[in-house]
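Asks: attaching a predicted model along with its sequence, questions to come.
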Amino acid sequence: QIYTDGRGFSKFAEDLWNGESIGHWEGDTLVVETTGFNDRTWIDAAGVPHSSEMRVIEHIRLLDANNMEIVSTVHDPKMYSEDWSFTTHPKKLDGEILEYICNENEKDSAHLVGK
């Protein structure tokens, strides 16, 4: 979830698997700041580490009907001496996106209805 209603981060925004995200629009770009991560995840599939002090700012914009550009900047003074950024170009998926279910302390799968 990305809250775009002007709220600030909650007092509970810490030790979360995916952090807490607050967004706002700058023209046609959605700017998302995420903080409150735990340190038990990686930044990418290659295992790039981070600390619980990590803050990520993403600039997300639609390039055309099927393509986006996401510029992500990682700020983590405990792990890295300076901020660093990377850019991804996701494409529109053809098909259904299924909801992700977290396994840790998971209590909802028994209530889900399958097709």
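Replies: Received, thanks. Numbers count the residues shown, from 1 in each chain.

Asks: show me what the helix or strand hosting Thr73 is packed up against.
Replies: Thr73 belongs to strand 67-75 when assigned by DSSP states H and E. Applying 3 or more Cβ pairs under 8 Å, 6 or more residues apart in numbering; DSSP states H and E, we find strand 67-75 packed against strand 55-64, strand 84-88. C-beta: built from backbone N, CA, C; applies to glycine.

Asks: distance of Glu33 relative to Phe9?
Replies: Look at Glu33 and Phe9: by Cβ to Cβ, to the nearest Å, they are 8 Å apart.

Asks: overlap in contacts of the two?
Replies: Contact criterion Cβ atoms under 8 Å, 6 or more residues apart in numbering; residues bridging Glu33 and Phe9 by contacting each: Ile22.

Asks: mind listing the strands the one helix or strand Glu33 maps to pairs with, and their directions?
Replies: Assigned by DSSP H and E, Glu33 belongs to strand 29-35. When pairing is defined by DSSP bridges, strand 29-35 lines up against strand 20-26 (antiparallel), strand 55-64 (antiparallel).

Asks: list the contacts of it.
Replies: Under the criterion Cβ under 8 Å, 6+ apart, residues 2, 4, 9, 13, 18-25, 54-61 lie in contact with strand 29-35.

Asks: cool, stretch 69-86 as well?
Replies: So stretch 69-86 is in contact with 43, 49-61, 63, 87-90, going by Cβ under 8 Å, 6+ apart.

Asks: and the helices and strands packed on strand 67-75, which is most packed in?
Replies: strand 55-64 (a mean of 15; mean count of other Cβ atoms under 10 Å).

Asks: next, the angle strand 67-75 makes with that strand.
Replies: If you take axes from the mean of the first three to the mean of the last three Cα atoms, to 10 degrees, strand 55-64 sits at 170 degrees to strand 67-75.

Asks: starting at the chain centroid, how far to strand 55-64?
Replies: 10 Å (Cα atoms, centre = their mean, to the nearest Å).

Asks: and stretch 53-71, by the same measure?
Replies: With Cα atoms, centre = their mean as the basis, stretch 53-71 stands 10 Å off its chain's centre.
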